[in-house]
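**Q** Build me a model:
(2 chains)
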Protein chains: 2
Amino acid sequence: MSNHTRLHKDTARRVNTRYLSAERVAEIINRKGIAECLAGVASYITQDFLRWTDFDKCPRMANHSEVGVIELMPVSDARSYAFKYVNGHPSNYRYNLPTVMAFGVLADVATGTPELISELTITTAIRTAAMSAVAARALARPGSKTMALIGNGAQSEFQALAFHHLLGIEMFHLFDIDAGATDKLVANLNRLGLGSRRFDSTREAVTGCHIVTTVTADKTNATILTPEMIEPGMHINGVGGDCPGKTELHADVLRLGPVFCEFEPQSRIEGDMQQMPADFPVTEIWQVLSGQATGRTSPEQVTIYDSVGFALEDYSALRYMRDVAAELKMTETISLIPALANPKNLFGFLGGNRGEQTPVPAEVALAA
Amino acid sequence: MSNHTRLHKDTARRVNTRYLSAERVAEIINRKGIAECLAGVASYITQDFLRWTDFDKCPRMANHSEVGVIELMPVSDARSYAFKYVNGHPSNYRYNLPTVMAFGVLADVATGTPELISELTITTAIRTAAMSAVAARALARPGSKTMALIGNGAQSEFQALAFHHLLGIEMFHLFDIDAGATDKLVANLNRLGLGSRRFDSTREAVTGCHIVTTVTADKTNATILTPEMIEPGMHINGVGGDCPGKTELHADVLRLGPVFCEFEPQSRIEGDMQQMPADFPVTEIWQVLSGQATGRTSPEQVTIYDSVGFALEDYSALRYMRDVAAELKMTETISLIPALANPKNLFGFLGGNRGEQTPVPAEVALAA
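**A** Got it, this is the predicted structure:
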């Protein structure tokens, strides 16, 4: 037996991937408080967006079907790699399933080891709302107090909470074509002590609001917002237009003021911007956060944040959940990687060895 | 409360993702027998390659660092979506970790639900070997009995077993620059009752062999095989050149006979073919399997299979493991997706509801 083989004998290294189930993430959020989680994820997102150029970025990889899409969203820096699996199936309510379901992984770039696997359905709702609030803090009029929420589905409470806690929004104007969804949102906001009023149309809901958030689910080229609805000084937080063929803003709305996005190559494919020519001007939000570009220039200006959701936000959210799980001493793991006494002897993991011993017959060991 | 909300009350749909750990997959292989698993995966691969045009395919997405690569490999048809996470870190042996670690997911295209998460480190070794054997059955000389195995690391036993059981190879000629790796392979092949001889160089090992398999790990442009080593009628199964900057065959070896690959757009980037001009002729192996293209045309011809590993093989392997796990009644699950009583009420999953009830206050429910 060579020295190399002997070196590793009986030292199988177990790769335990930390595991955060949907229930565990709910527990984290309940123990920390959702306001603190939103603020924490917003802070991690800001930290990571401020070192934007450190990251290896690409548009997400999407497999489309007639009823939905499944996407993979990887991103990495020199230390960590993250990816998210996420679907978008607007008709999933028929099967009593969420429109968007997600999970993701944080891995070590130095070895490729998956270090954390976590649910990301709830976490995505938090990170999307936190990202919207980070952008709005840089773009909306200071002192904004009212926000329209068009689309009252799974993401809406999180948007309301983020804008309440991170921007001080006190009143939410609600509209959804599904009155039952609005019933649910009203009930949840009441329970949270947040003020809301329901309206019978988008036009009525947005009137007089400082911020308009669109977060609708239909996978169509919709025109939820048309130019005549937009008032001077409004900030538009367009969240639901996030996939080729899925838009919410009339093209002329995008011409009412400067447009900001996450990662331009992805947003031009997926955002409301997909309607615009390739040279339509857009500013990546990290440039505003870092002071390299200007956000709002006057109280009367309309600002538009064309959100699609970018992998770096999931990287930030996974980091946050990992850190809080460690702080709360949550230690569940799953075994995705075989523990090998000798990493060149994968075969030895079979045959009941489980990596605790190499299956080298006695005569070979003695002969070495 | 609307009918819509009422419809879903108290009917939270739990999405349990089936979970196959590394230990469970080892158990599956031990209970079924590795020969049957290799044959089973080869059969699933053949079935799927015969309906090649049904699949939405793309080259894998790679994040490179100085020491390795992490890749995501998605593929889908109208029914199922699969992806694999896999790294390649040749220096991982220093940390007592495998060079290649992997896991993957099978999901339902109709809803985006992740149905299975499985280890894919062991399974990748099986599927890679099964794929090599499927290609060699179509390309190698009938009656081949001897195979050189250049590179005696984690993948080598699986290649030997696949070629023994699926092609009838009886003698393996071994060489690796790490003598300890060859020690390990000799011991494992002895234990399996497979014949082997070790050599002091690639040149000596390949002499007189019907098939030459290269499965080395260095992430460099290596020339493991040079033209003068190649004899008439040899089939070359080039497995280790599978990443930009990672090749095993001298460019002139690729000119000695027809070259076959898995998925041309990916192989031109990652395979030994990356050394060749963009118009260098290559045939996708599915065309040979389906009779649309010719494989070997004479006993004297040299044939070259430039393997890189394609997502569809993982789709096939995940299908196989899922089916066998069901047959063996293995029922472990993990909870990656929150179970929601009302899929538009993700927020209701927080606050201890766990989706079993919607947090609608009594007064709102009564008012509806």
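
**Q** show me the contacts for the residue nearest to residue A:150 when sequence neighbours are not counted.
**A** Excluding its sequence neighbours, the residue lying closest to residue A:150 (C-beta to C-beta, 6 or more residues apart in numbering or on different chains) is residue A:214, at 4.7 Å. Yep, even glycine has a C-beta here, placed from its N, CA and C like the rest. Contact analysis of residue A:214 by C-beta atoms under 8 Å, 6 or more residues apart in numbering or on different chains lists A:150, A:151, A:224, A:225, A:236, A:237, A:238, A:239, A:240, A:241, A:248, A:249.

**Q** partners of residue A:214 in the sheet?
**A** Counting by DSSP bridges, residue A:214 forms beta bridges with residue A:150, residue A:238.

**Q** Per-residue pLDDT of it, please?
**A** With respect to pLDDT, residue A:214 scores 96.

**Q** about what we covered before: and the least confident of the contacts of residue A:214?
**A** Lowest in pLDDT among these is residue A:241, which has 80.

**Q** Of the contacts of residue A:214, which is the nearest to chain B?
**A** residue A:151 (10.0 Å; C-beta to the nearest C-beta).

**Q** ok, the closest one touching residue A:216?
**A** Yes. Look at residue A:151 against residue A:216 with C-beta atoms under 8 Å: they come within range, at 3.7 Å.

**Q** tell me the SS of residue A:115?
**A** strand (DSSP: H, G, I helix; E, B strand; the rest coil).

**Q** could you check whether the helix ranked longest in chain A is close to chain B?
**A** Longest helix in chain A by number of residues, with DSSP state H as the criterion: helix A:121-139. Yes. Helix A:121-139 is in contact with chain B by C-beta under 8 Å from any C-beta of the partner chain, via A:121, A:122, A:125.

**Q** now for that helix, which elements pack on it?
**A** helix A:22-32, helix A:34-50, strand A:102-108, helix A:156-167, strand A:235-238, helix A:285-289, strand A:303-306, helix A:311-327 (3 or more C-beta pairs under 8 Å, 6 or more residues apart in numbering or on different chains; DSSP states H and E).

**Q** domains of chain A?
**A** As assigned by automatic domain parsing, chain A contains the domains A:17-122+A:314-334, A:140-309.

**Q** In CSV, list those domains along with distance to residue B:157.
**A** Output for those, formatted as CSV (distance: least, C-beta to C-beta, whole Å):
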stretch, distance to residue B:157
domain A:17-122+A:314-334, 22
domain A:140-309, 42
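
**Q** related to what we said a few turns ago, for residue A:267, find the nearest of the helices and strands packed on helix A:121-139.
**A** strand A:303-306 (6.0 Å; C-beta to C-beta).

**Q** Quick one: list the elements packing against the closest one.
**A** Judged by 3+ C-beta pairs under 8 Å, 6+ apart, strand A:303-306 is in contact with helix A:121-139, strand A:235-238, strand A:259-261.

**Q** Please name the strands paired to it in the sheet, noting orientation.
**A** strand A:235-238 (parallel), strand A:259-261 (parallel).

**Q** Highest mean neighbour count across those, which stretch is it?
**A** Highest mean neighbour count among the strands paired with strand A:303-306 (mean count of other C-beta atoms under 10 Å in any protein chain shown): strand A:235-238, with a mean of 28.

**Q** Out of the helices and strands in chain A, which is least certain?
**A** The weakest-scoring helix or strand in chain A, judged by mean pLDDT, DSSP states H and E, is helix A:362-367 (a mean of 30).

**Q** neighbours around residue A:59, how many?
**A** By the measure other C-beta atoms under 10 Å in any protein chain shown, the count of residues near residue A:59 is 19.

**Q** got a list of what it touches?
**A** Contacts of residue A:59 by C-beta under 8 Å, 6+ apart are A:263, A:265, A:266, A:269, A:270.

**Q** Checking the closest residue to chain B within the stretch 151-300 of chain A next. Helix, strand or coil?
**A** Closest approach between the stretch 151-300 of chain A and chain B, counting by C-beta to the nearest C-beta: residue A:180, at 3.1 Å. Under three-state DSSP, the three-state class of residue A:180 is helix.

**Q** burial of it, as a residue count?
**A** Residue A:180 has 21 neighbouring residues, counting by other C-beta under 10 Å.

**Q** Which neighbours do residue A:151 and residue A:216 have in common?
**A** Common contact partners of residue A:151 and residue A:216 (C-beta under 8 Å, 6+ apart): A:176, A:224, A:240.

**Q** and those, which are buried?
**A** Buried members of these, scored by 16 or more other C-beta atoms under 10 Å in any protein chain shown, are A:176, A:224, A:240.

**Q** on that earlier part again, same list (the helices and strands packed on helix A:121-139) but as JSON lines, adding distance to residue B:70.
**A** JSON lines is the format used below for these (distance: least, C-beta to C-beta, whole Å):
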{"stretch": "helix A:22-32", "distance to residue B:70": "24"}
{"stretch": "helix A:34-50", "distance to residue B:70": "18"}
{"stretch": "strand A:102-108", "distance to residue B:70": "6"}
{"stretch": "helix A:156-167", "distance to residue B:70": "30"}
{"stretch": "strand A:235-238", "distance to residue B:70": "32"}
{"stretch": "helix A:285-289", "distance to residue B:70": "23"}
{"stretch": "strand A:303-306", "distance to residue B:70": "29"}
{"stretch": "helix A:311-327", "distance to residue B:70": "13"}
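
**Q** Please name whichever of the ones you listed is nearest to residue B:186.
**A** Shortest distance between residue B:186 and the helices and strands packed on helix A:121-139, using C-beta to C-beta, is found for strand A:102-108: 33.0 Å.
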